[in-house]
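Q: Structure of the sequence below:
(chains A and B)
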Amino acid sequence: EAGVAQSPRYKIIEKRQSVAFWCNPISGHATLYWYQQILGQGPKLLIQFQNNGVVDDSQLPKDRFSAERLKGVDSTLKIQPAKLEDSAVYLCASSRDAFQETQYFGPGTRLLVL
Amino acid sequence: GQSLEQPSEVTAVEGAIVQINCTYQTSGFYGLSWYQQHDGGAPTFLSYNALDGLEETGRFSSFLSRSDSYGYLLLQELQMKDSASYFCAGMNRDDKIIFGKGTRLHILP
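A: Numbers count the residues shown, from 1 in each chain, chains lettered A, B, ... in the order given. Purely as a prediction, here's the structure:
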């Protein structure tokens, strides 16, 4: 089966600019996650979707970050405006449902904010 | 709060055995997963322990003791390709997964 797809793979922007990331999960996976991974740290959950509903967005900086999963398939994560500290790898993952302990990760998007 | 603690780095010799520990402080964790991440790559799932005891998958084994809030990943017959970061991740009763900060494994020839 095809894995989790993400684009772009790399992005360089200046602070205060906007950026958007796209994720296509594994077909049939109901649960989709967005993580932020800062260099040298573990992934930090930003938002979790179950189908097209939000399950957990407690760690999402809602003043600048937004995410949506229309039709319960693809998802986009947006940052507006970006700050220097947003430089990180943004990982998308999916699982069959919220009760699955196994998540499948995409290759990630490396964001550098200058 | 909920947190998982791992050593930041571990060094071992090719062909040897290494154990990476993970302790967690939380109420309600009911499972511990392990992920491997090579530099520049995405985390990949290695194993999951829902119950106390040892789970074996080839050269990798994982152990959980819920009474001690402790688990470990055991890697045997180390190969150079095992050089990577290893993350423990706990699932709590709200079905949310929290990752540790990761252990970087260095393997010497």
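
Q: number of nearby residues for residue B:17?
A: Neighbours of residue B:17 under the rule other Cβ atoms under 10 Å in any protein chain shown: 13. Every residue, glycine included, has its C-beta placed from N, CA and C.

Q: Skip the chain neighbours and tell me the closest residue to it.
A: Residue nearest to residue B:17 in three dimensions, not counting chain neighbours: residue B:76, with 5.0 Å by Cβ to Cβ, 6 or more residues apart in numbering or on different chains.

Q: Okay, now the sheet partners of the helix or strand of chain A with the lowest mean pLDDT, with direction.
A: Among the helices and strands of chain A, strand A:53-56 carries the lowest confidence by mean pLDDT, DSSP states H and E, at a mean of 90. When pairing is defined by DSSP bridges, strand A:53-56 lines up against strand A:44-50 (antiparallel).

Q: buried residues in the strand it pairs with?
A: Going by neighbour count (16 or more other Cβ atoms under 10 Å in any protein chain shown), the buried part of strand A:44-50 is A:45, A:46, A:47, A:48, A:49, A:50.

Q: measure the residue nearest to residue B:67 when sequence neighbours are not counted to chain A for me?
A: Of all residues beyond its chain neighbours, the one nearest residue B:67 is residue B:52 (7.5 Å), with distances taken as Cβ to Cβ, 6+ apart. Computed with Cβ to the nearest Cβ, to the nearest Å, the distance linking residue B:52 and chain A is 16 Å.

Q: Look up which residues are beta-bridged to residue B:60.
A: Beta-bridge partners of residue B:60, as defined by DSSP bridges: residue B:57, residue B:75.

Q: bridging residues for residue 33?
A: With no chain named, the answer covers chain A. The residues that residue A:33 bridges to, once DSSP bridges is applied, are residue A:48, residue A:93.

Q: that's the wrong chain, I meant chain B
A: residue B:48, residue B:89.

Q: okay, it: pLDDT?
A: Confidence at residue B:33, expressed as pLDDT, is 91.

Q: now do residue B:57
A: Residue B:57 is given a pLDDT of 87.

Q: and it, how many neighbours does it have?
A: As a measure of burial, residue B:57 has 11 neighbours, counting by other Cβ under 10 Å.

Q: Was I right to think it contacts residue B:48?
A: No. Judged on Cβ atoms under 8 Å, residue B:57 makes no contact with residue B:48 at a distance of 9.9 Å.
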